[in-house]
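Colleague: would you be able to build a 3D model of this:
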Amino acid sequence: MRKSLLFTIVFLFFISPIFLYAQGDVNQGADTIKKEEKYPQFQLKGLLQARYLESFGDNVDVLGMHHSTGDVTQSSFDIKRMRVGLNTKLSETTEIVILVNLADFKSDTKGKVLENAYGKYTFNKYIALTGGQFRPAFGIEELVPVDIIKSFDFSNQYYEFGKNGWTSFQIGASATGAFDVGKIPVNYAVSVLNGNGKNQEMDKDNGKQFSSRWVLGLSKAHKINLGLNAGFGKVFKEDVFAIGADITSDFKVTDKLSFDLQIEYKQGTNHNLYYSLPVDSRTANVADYVMRGIYFLPNFRYVVNYNKLTALEFSCRYETFDPSFKVDSNVRTTYTPMVSLEFGKSYTGRIELGFEIDRFDRSIPDTTTYNDNLFLIQLQLRI
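Modeller: Just a heads-up that it's a prediction; the model follows:
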């Protein structure tokens, strides 16, 4: 019964855009043909993030790895991202998006390089369908490109939930849209995913992960939005889950000074950790391994508009994350103070400097689970 239902959903997902597209052509006649002559439309995008890193941790390298031998690289230049993307609109309702990260060629490229590779069909504001490899909506960070976030990088919880198939780049299908409930605007996303990351030849098992996100606009004046996330699925025939809640706001203090705040909490089964452990060193139940995290990200923005300098920003993310709070708990607390200088509009140019300060309940020698103080200077250019 479940397989038949899933097959029906997938079939309708792929066939309905074709049907409605053809139907629209017949009903709209010559006017539509004239509009169609403007397509396809192409938009090229690019992002460069180059960094200087210096570790002040005891025998900890710039990647956060502790070396008991003391032979360690504690300062280095690095290319974090060199992205090239192409957005192609085939019609008013149909688009194809491709995004690659060429910086992944500096290491083993297996499972890397290709990031976005999806098609999207928009029926109307109430529903749009996406299929391919994309970032499913399951929190604040999934809906914001890394080049406009208010910190150096995404949070620790974002990457851990990505390893477990809920966030980051995943292969699957999604329905998104918006509607109003009275005076409250609501945005939603419902996704079904393989759940084993990007650029995979096939699903690792027959299980799928289902997730949803709902965002309620509580205040238009201060841009206060409440997000609710929930997901469930099966991994190697075992039940897994994830939940989350978040809130964002943006207050204009003066004409030039604004303050925005992000708060996000997530909790879910850490099946990635469970199946990475030797059988004799883990419990018999995957449900014993549950991760949870919360972060606060306040950001002050002051508009300068002096010569090339557009604005100054000051932020400090505070985050705690525990990969398994029921079994062998080891909380990681991260402070990320940062100063950002913006040049041009919409972060066309950006210089960021600050620290990533990691503290663990227990530091484990010769691993990345070790206390560290990392200084960063990052140059960002985007088109």
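Colleague: can you give me the helices for the stretch 201-350 of the chain?
Modeller: 271-276 (DSSP state H, counting those that start in this stretch).
Colleague: all strands of it, in order?
Modeller: 209-219, 224-235, 238-252, 257-269, 290-306, 309-322, 332-343, 349-360 (DSSP state E, counting those that start in this stretch).
Colleague: so the second one versus strand 257-269, what angle?
Modeller: Put simply, strand 224-235 runs at 20 degrees to strand 257-269, going by axes from the mean of the first three to the mean of the last three C-alpha atoms, to 10 degrees.
Colleague: counting by contacts, list what strand 224-235 packs against.
Modeller: Using 3 or more C-beta pairs under 8 Å, 6 or more residues apart in numbering; DSSP states H and E as the contact test, the elements touching strand 224-235 are strand 209-219, strand 238-252, strand 257-269. Glycine gets a C-beta too; all of them are placed from N, C-alpha and C.
Colleague: before we move on, back to that, what's the closest of the strands of the stretch 201-350 of the chain to Tyr159?
Modeller: Nearest to Tyr159 among the strands of the stretch 201-350 of the chain is strand 309-322; the distance by C-beta to C-beta comes to 9.6 Å.
Colleague: so for the closest one, what gets flagged as buried?
Modeller: By neighbour count on 16 or more other C-beta atoms under 10 Å, the buried set for strand 309-322 is Thr310, Ala311, Glu313, Ser315, Cys316, Arg317, Glu319, Thr320, Phe321, Asp322.
Colleague: can you put the helices and strands packed on strand 224-235 in TSV and add mean pLDDT and distance to Gln133?
Modeller: Compiled in TSV, the helices and strands packed on strand 224-235 are given as follows (pLDDT from 0 to 100; distance: least, C-beta to C-beta, whole Å):
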stretch	mean pLDDT	distance to Gln133
strand 209-219	97	15
strand 238-252	97	20
strand 257-269	98	21
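Colleague: columns distance to Phe169 on top of those strands, output as TSV?
Modeller: As requested, the helices and strands packed on strand 224-235 are exported to TSV (distance: least, C-beta to C-beta, whole Å):
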stretch	distance to Phe169
strand 209-219	14
strand 238-252	17
strand 257-269	18
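Colleague: now these in a markdown table, with mean neighbour count and distance to Ser191?
Modeller: Listed next are those as a markdown table, based on neighbours: other C-beta atoms under 10 Å; distance: least, C-beta to C-beta, whole Å:
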| stretch | mean neighbour count | distance to Ser191 |
| --- | --- | --- |
| strand 209-219 | 19 | 5 |
| strand 238-252 | 18 | 12 |
| strand 257-269 | 19 | 15 |
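Colleague: out of those strands, which gets nearest to Asn285?
Modeller: Proximity to Asn285 (C-beta to C-beta) singles out strand 238-252 among these, at 8.4 Å.
Colleague: tell me the angle that closest one makes with strand 290-306.
Modeller: Using the same axes, to 10 degrees: strand 238-252 against strand 290-306 is 20 degrees.
Colleague: who touches strand 238-252?
Modeller: Under the criterion C-beta atoms under 8 Å, 6 or more residues apart in numbering, residues 138-140, 161, 164, 166, 209, 211, 219, 222-234, 258-269, 271, 286-287 lie in contact with strand 238-252.
Colleague: just the CA trace of that strand, in PDB.
Modeller: Only the C-alpha atoms of strand 238-252 are listed here, as PDB (Å, rounded to 0.1, in the frame of the first residue of the first chain):
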ATOM      1  CA  GLU A 238      15.200   1.500  11.600                       C
ATOM      2  CA  ASP A 239      12.900   4.500  12.500                       C
ATOM      3  CA  VAL A 240      14.500   7.900  12.600                       C
ATOM      4  CA  PHE A 241      13.200  11.400  13.400                       C
ATOM      5  CA  ALA A 242      14.200  15.100  13.500                       C
ATOM      6  CA  ILE A 243      12.400  18.100  14.900                       C
ATOM      7  CA  GLY A 244      13.300  21.800  15.200                       C
ATOM      8  CA  ALA A 245      12.100  25.300  15.900                       C
ATOM      9  CA  ASP A 246      13.500  28.700  15.000                       C
ATOM     10  CA  ILE A 247      12.800  32.400  15.100                       C
ATOM     11  CA  THR A 248      14.200  35.300  13.200                       C
ATOM     12  CA  SER A 249      13.700  39.100  13.600                       C
ATOM     13  CA  ASP A 250      15.100  42.300  12.100                       C
ATOM     14  CA  PHE A 251      14.700  45.600  14.000                       C
ATOM     15  CA  LYS A 252      15.600  49.000  12.600                       C
END
